[in-house]
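1. fold the following, please.
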Amino acid sequence: MDHSPQDNAGVVQEFGALAPVRIGLPEQTRAQGVRALNRLLAHTMALRDAYKKAHWQTSGATFYELHLLFDKHYEEQVTIMDALAERIQTLGGVTFALAGDVAGESSIARAPRGRESAHAQLERLAAAHETILLDARPLARQAADAGDDGSNDLIVSQVVRANELQSWFIGQHLALQAKPA
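-> Sure, this is the predicted structure:
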């Protein structure tokens, strides 16, 4: 898609550029943190959207429980998104905000356009949580090693803990739906 020169006419900070902020962290540490947090933000936005799709399209014997659970997890992911975006801004960065950016950055598999079974929805959501957790833990350690305690705290206390808990909830629903051997 071609962009006209007018598309960037009002841009005050290019994506990838850091604004000067006085938070006691070197520019390299802030840049590393912005890249890591934007990746987690993209994953979180993809997961948020997967939860809303599942909320709208779930069906079956556990419809009501899943409908409520998916909406609750959606709202919790929105809260995480906001915390990640605010931390990126605090580091002087620019956040991902558009669907195309999310699709290009996140490795979370997109759901098909059609309606999936509740089991397929749960499996997809469990895989998405695992993707986030596999990325988040090393990023938390990198932030800690770089002295970025704020990003480390955010990743551990909100991203990791919430995704572990939500994954556990999803896993419990999958266990209920497992076919006896």
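2. which elements pack onto the lowest-mean-pLDDT helix or strand in the chain?
-> Counting by mean pLDDT, DSSP states H and E, the chain has its least confident helix or strand at helix 99-105, which shows a mean of 90. When contacts are defined as 3 or more Cβ pairs under 8 Å, 6 or more residues apart in numbering; DSSP states H and E, helix 99-105 packs onto helix 27-57. Bear in mind the C-beta positions are built from the backbone N, C-alpha and C, glycine included.
3. what's downstream of the helix it packs on, the next helix or strand?
-> The C-terminal neighbour of helix 27-57 among helices and strands, as given by DSSP states H and E, is helix 63-90.
4. and the following helix or strand past the least confident helix or strand of the chain, how far out from the chain middle?
-> Per DSSP H and E, the first helix or strand lying C-terminal to helix 99-105 is helix 118-145. Put simply, helix 118-145 sits 9 Å off its chain's centre (Cα atoms, centre = their mean, to the nearest Å).
5. repeat that for stretch 142-158.
-> 16 Å.
6. cool, and stretch 83-92?
-> Remark: stretch 83-92 is offset 14 Å from the chain centroid, using Cα atoms, centre = their mean.
7. and that stretch, what's its mean pLDDT?
-> Averaging pLDDT along stretch 83-92 yields 98.
8. one step back: what does the least confident helix or strand of the chain contact?
-> The contact list for helix 99-105, computed with Cβ atoms under 8 Å, 6 or more residues apart in numbering, reads 38-39, 42, 45-46, 96, 110.
9. roughly how far does the residue nearest in space to the middle of the chain sit from residue 105?
-> The centroid of the chain falls nearest to residue 44 when counting by Cα atoms, centre = their mean (1.1 Å). Separation of residue 44 from residue 105 (Cβ to Cβ, to the nearest Å): 11 Å.
10. the residue nearest to the centre of the chain contacts residue 82, doesn't it?
-> No: if you go by Cβ atoms under 8 Å, residue 44 and residue 82 don't touch, sitting 9.7 Å apart.
11. run through the chain and note the low-pLDDT ranges.
-> 1-7, 178-181 (pLDDT under 70).
12. try 50 this time
-> Counting by pLDDT under 50, the chain contains low-confidence ranges at 1.
13. now residue 156: closest residue in space, sequence neighbours ignored.
-> If you skip the residues right next to it in sequence, residue 156 has residue 140 as its closest partner in space, 5.1 Å away by Cβ to Cβ, 6 or more residues apart in numbering.
14. list phi and psi for residue 9.
-> Torsion angles at residue 9 (phi, psi; degrees, to the nearest 10) stand at phi -60, psi -40.
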